[in-house]
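Trainee: Just a sequence and a predicted model for now, questions to come.
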Protein chains: 2
Amino acid sequence: MRLFHARGYDAVGVAELGSELGIKPPSFYAAFGSKAGLFERALQRYAAGEANIFARARAEGGGVAEVVERTLLLAARLYPERNGVAGCLVLDGARNSADPEACALAEEMRKAGVAALRDFIAEEAPERAGALADFVTIAMRGMSAAARDGADEAALTSFAQMASRAFRRELAAEG
Amino acid sequence: MRLFHARGYDAVGVAELGSELGIKPPSFYAAFGSKAGLFERALQRYAAGEANIFARARAEGGGVAEVVERTLLLAARLYPERNGVAGCLVLDGARNSADPEACALAEEMRKAGVAALRDFIAEEAPERAGALADFVTIAMRGMSAAARDGADEAALTSFAQMASRAFRRELAAEG
DNA sequence: GAGAAAATATAGTGGTCGCTACAGAATCGT
DNA sequence: ACGATTCTGTAGCGACCACTATATTTTCTC
């Protein structure tokens, strides 16, 4: 998971994954079936843990504006490079990958994430939930990409604050 | 350039580039020196043409808010997938690439872009030019990534409008 | 038209990719 | 303790990678 997150799906080989896990190729394929199989497990583990920013922000309660603000600020804290890992595995782990299976796995997870966000926003703004959820997810993609390009926490937090204010205003405005 | 843009630096091979250009490997290396050499030329051609959104938006005149709004809206029009090509070559062409030379070339070009934007914004808001330029470039990264994930022009335009409004408000607000 | 020079294609360099056949070692049931 | 079964390590599969040495063709010069 760490290797996929740090360098992207295509750039890390099965041999390296095996040596990281302390196993050799045959055991690797017995355990995961394929490289994409391990990637799927890594994605699931990632989404089930502390990297599921939206779930964490939502758990603290509050209205849509508060949860979205916490989500963006949490991303700003979590995305900057740490130990060679930056950004979001789901958003950028399979970007530019030549493997359609890996791309499909990541896309499926992105779709699930934006759907959950949209449903949550729809509780307060059913008409514009789609556009507002898109706003947040596109902003997150920008933060993930910027973090992978070397942006630090200060820059991402500044962006997250502006985006939060924007979201709050768009939510308050009548469609 | 089209191939790099469509699939990313690593996912396209020299043989394919050669057959696209109608030349064989030796001629390819005689002309460009290396795969990264062609990538550099592609980046330059890309930035010199209609893809340099900021230059186009700036050419039409107006204040900082107007130019930024035009930049974002232009990105929303240009980024959605067309003939297999989506997003921005500079922002995403070398993402997750294992080749440090390609990454360095793209990063250099990104830095030049954000510097130009920052200097332009500084004409009206010298104090906050850095943060405001970061806001725009992170938003652009989000739009490019979203386009590569399949977002259509309507979704990107909606985002661009919200981001433009946000930028206008942040610019008007006193730091 | 003959000879030199440039540009081309053929073929192949070592290396890595995801993945697997096979053999030896460890484990288990009895 | 022994035979069967599961597992793991070694080695290698074909395919592709960026890249290049050699040979051939083409293009000039005269």
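Mentor: Looks like it came in fine.

Trainee: what ranges do the helices span in chain A?
Mentor: A:2-7, A:14-21, A:25-32, A:35-48, A:53-59, A:64-78, A:89-92, A:100-122, A:129-148, A:153-172 (DSSP state H).

Trainee: The third one near DNA strand D at all?
Mentor: If I follow you right, that is helix A:25-32. Yes. Using Cβ under 7 Å from any atom of the strand, a contact is recorded between helix A:25-32 and DNA strand D, made by A:25-27, A:30. For the C-beta atoms, the positions are set from N, CA and C on the backbone; glycine is no exception.

Trainee: Tell me which other helices or strands that helix touches.
Mentor: In terms of contacts (3 or more Cβ pairs under 8 Å, 6 or more residues apart in numbering or on different chains; DSSP states H and E), helix A:25-32 is packed against helix A:14-21, helix A:35-48.

Trainee: Out of those helices, which gets nearest to A:E124?
Mentor: Minimum separation from A:E124 across the helices and strands packed on helix A:25-32 (Cβ to Cβ) falls at helix A:35-48, 24.6 Å.

Trainee: Briefly note if stretch A:25-45 comes near DNA strand C.
Mentor: Yes. Using Cβ under 7 Å from any atom of the strand, stretch A:25-45 reaches DNA strand C at A:25-26, A:28-29, A:34-36.

Trainee: Give me the phi and psi for A:A51.
Mentor: A:A51 adopts backbone torsions of phi -80, psi -10, taken as degrees, to the nearest 10.

Trainee: and what of the one 10 residues further on?
Mentor: Backbone torsions of A:G61, given as degrees, to the nearest 10, read phi 80, psi -170.

Trainee: Any stretches of chain A with poor pLDDT?
Mentor: Counting by pLDDT under 70, chain A shows low-confidence ranges at A:175.

Trainee: circling back: could you dump the residues of stretch A:25-45 next to DNA strand C to TSV with distance to B:Y79 and neighbour count?
Mentor: Putting the residues of stretch A:25-45 next to DNA strand C into TSV (distance: Cβ to Cβ, whole Å; neighbours: other Cβ atoms under 10 Å in any protein chain shown) gives the following:
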residue	distance to B:Y79	neighbour count
A:P25	40	11
A:P26	44	9
A:F28	38	20
A:Y29	39	16
A:S34	32	13
A:K35	30	20
A:A36	28	19
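
Trainee: ok, now which ones touch A:E81?
Mentor: By Cβ atoms under 8 Å, 6 or more residues apart in numbering or on different chains, the contact list for A:E81 reads A:147-148, A:150.

Trainee: try A:R110
Mentor: A:90-91, A:137, B:149.

Trainee: now, the most widely separated pair of the residues of stretch A:25-45 next to DNA strand C?
Mentor: Among those, the pair separated by the greatest distance (Cβ to Cβ) is A:P26 and A:A36, at 17.4 Å.
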